[in-house]
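Asks: Prediction below, plus the sequence it came from.
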Amino acid sequence: MMETWAAITVGAVALALALLLPIFVRPLLAKAGVLDVPNARSSHTAPTIRGMGITTAVALPAAVLVAVFLPQSGNTRQGALTLVVILGVVLAASAIGWIEDIRGLSVKIRAGMQLAVGGLATAAVAILDPGEQQLWLIPIGAIAVAAYVNVANFMDGINGISGTHGLLVGGFYAYAGYVAGHGWMVYVGIAIAMAFGGFLPWNLSRNKVFLGDVGSYLLGASIAVTAMCAFLAGVPPEYIFSPVLIYLVDTFVTFLRRLLAGERWYAAHRQHVYQRLTIVGLSHVQATAVVCGATIVVSVLGIVAAEGGSVTQVVATAVGFAVVLAYLRTPTLFQSYFRRRAEKA
């Protein structure tokens, strides 16, 4: 019961700050001219206030900081130290994103800083492990954290998509923490879910605002470092990877397609599945719903695979693979549907 109330406290802190801080921060960003000017990658047509992720970058760390002093499952000291590592990562990633929003950073400097944050976080968690010190995982952890920070940044292109991604992944990670008996993962999952859920009303309102790099970097880093800590703590991989699978596949397939076409992979574009959905006629909310629907189905199938027997695992994995393929085909399917409807009209 104590941990239930502790989890509610973490969620309440994250949600309250995420909902209320924009009231004070939005006018400041508008006055400072922190705007997102449309480019070749943008799905919006008018300059829009960005950088509102700075409020999420306060809400999420504040909730994690509260969680540090709350009861943990299992080894209390190790759980609290894991939360401290996660807190440091989300603050560092947010700082990098804020600098990118305000002044800009070269690709090399930005990548180097992201890799450094991921490497230091992996090293800290590996050293904290009272068992095997898996220091060989440091470069892998560095690449994984940096990669997902950029995945979240690439996928942050339409209204609602980042907020709902944080809400869903955070929720599924909280469940995974509960099942695995890791209180720290429950807290972080809830903090991510509520912080980004609290951003959604602002992002979807009439006077829209964007997360900016500070928010997308925070989203990617918070999910990546939680996943990395969970993996090192022995949480089944199905719980860890299924909630982020759609984002990973969308980004990887788009990258591969552009690479094979001889295009500059780092140049702005609108070739992600979610972007193509808006091009063929879906609204931002509808395209976001497609991404979220696929994420929910694949995540649930991941849970089924983790908790079922061998036959169940095979079936759930096969169905999950089919869902991913179907998601990649959705722009073509919707385009055909709209064409048929136009021909009948």
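Replies: Perfect, I can see it now.
Asks: how many other residues sit next to Gly51?
Replies: For Gly51, the number of neighbouring residues by other Cβ atoms under 10 Å comes to 26. In this view, the C-beta of every residue, glycine as well, is placed from N, C-alpha and C.
Asks: Name the secondary structure element that contains it.
Replies: Assessed by DSSP states H and E, Gly51 sits outside every helix and strand.
Asks: Arg206 now?
Replies: Assigned by DSSP H and E, Arg206 falls within no helix or strand.
Asks: Can you give me the pLDDT of it?
Replies: pLDDT, the model's per-residue confidence, is 79 for Arg206.
Asks: Adjust the sequence numbering to begin at 48 for everything that follows.
Replies: With the count now opening at 48, the last piece we talked about shows up as Arg253.
Asks: Please report how far it lies from Leu68.
Replies: Relative to Leu68, Arg253 is positioned 19 Å away (Cβ to Cβ, to the nearest Å).
Asks: between those two, which one's more packed in?
Replies: Using other Cβ under 10 Å as the criterion, Arg253 and Leu68 rank with Leu68 on top: 21 against 4.
Asks: Tell me the spacing between that one and Ala110.
Replies: Counting by Cβ to Cβ, the gap from Leu68 to Ala110 is 13 Å.
Asks: likewise Ile270?
Replies: Ile270 is 15 Å from Ala110, where distance means Cβ to Cβ.
Asks: Three-state assignment for Gly281, please.
Replies: At Gly281, secondary structure determined by DSSP: H, G, I helix; E, B strand; the rest coil is coil.
Asks: mind listing what it touches?
Replies: Residues counted as contacts of Gly281 (Cβ atoms under 8 Å, 6 or more residues apart in numbering) are Ala227.
Asks: Do I have it right that Gly135 meets Ala168?
Replies: Yes - the pair Gly135 and Ala168 passes the contact test of Cβ atoms under 8 Å, sitting 7.2 Å apart.
Asks: Compare these two (neighbour count), which wins?
Replies: Neighbours per residue, other Cβ under 10 Å: of Gly135 and Ala168, the larger number sits with Ala168, 27 against 17.
Asks: Next one, pLDDT for the more buried one please.
Replies: We have a pLDDT of 87 for Ala168.
Asks: Check which residues of the one helix or strand it maps to are buried.
Replies: Take DSSP H and E as the rule and Ala168 turns out to sit in helix 154-175. Residues of helix 154-175 classed as buried by neighbour count (16 or more other Cβ atoms under 10 Å): 157, 160-162, 164-173, 175.
Asks: continuing past the host helix or strand of Thr103, what's the next helix or strand?
Replies: Assignment of secondary structure by DSSP H and E places Thr103 within helix 100-115. Once the chain leaves helix 100-115, the next helix or strand it forms, by DSSP H and E, is helix 123-149.
Asks: ok and that following helix relative to helix 100-115, angle-wise?
Replies: Counting by axes from the mean of the first three to the mean of the last three Cα atoms, to 10 degrees, helix 123-149 lies at 170 degrees to helix 100-115.
Asks: what helices or strands is the helix holding Ala168 leaning on?
Replies: Using 3 or more Cβ pairs under 8 Å, 6 or more residues apart in numbering; DSSP states H and E, the elements in contact with helix 154-175 are helix 123-149, helix 185-202, helix 259-279.
Asks: Pull the CA coordinates from it and hand them back as CSV.
Replies: Only the C-alpha atoms of helix 154-175 are listed here, as CSV (Å, rounded to 0.1, in the frame of the first residue of the first chain):
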residue,chain,number,x,y,z
VAL,A,154,26.2,17.3,-35.7
LYS,A,155,29.6,16.1,-34.3
ILE,A,156,29.4,18.0,-31.1
ARG,A,157,25.8,17.0,-30.5
ALA,A,158,26.5,13.3,-31.2
GLY,A,159,29.6,13.3,-29.0
MET,A,160,27.6,14.8,-26.1
GLN,A,161,24.8,12.2,-26.5
LEU,A,162,27.3,9.3,-26.6
ALA,A,163,29.1,10.7,-23.6
VAL,A,164,25.8,10.8,-21.6
GLY,A,165,24.8,7.3,-22.6
GLY,A,166,28.3,5.9,-21.9
LEU,A,167,28.5,7.5,-18.4
ALA,A,168,25.0,6.3,-17.5
THR,A,169,25.8,2.7,-18.6
ALA,A,170,29.1,2.7,-16.7
ALA,A,171,27.4,4.1,-13.5
VAL,A,172,24.6,1.4,-13.6
ALA,A,173,27.1,-1.4,-14.3
ILE,A,174,29.3,-0.3,-11.4
LEU,A,175,26.3,-0.1,-9.1
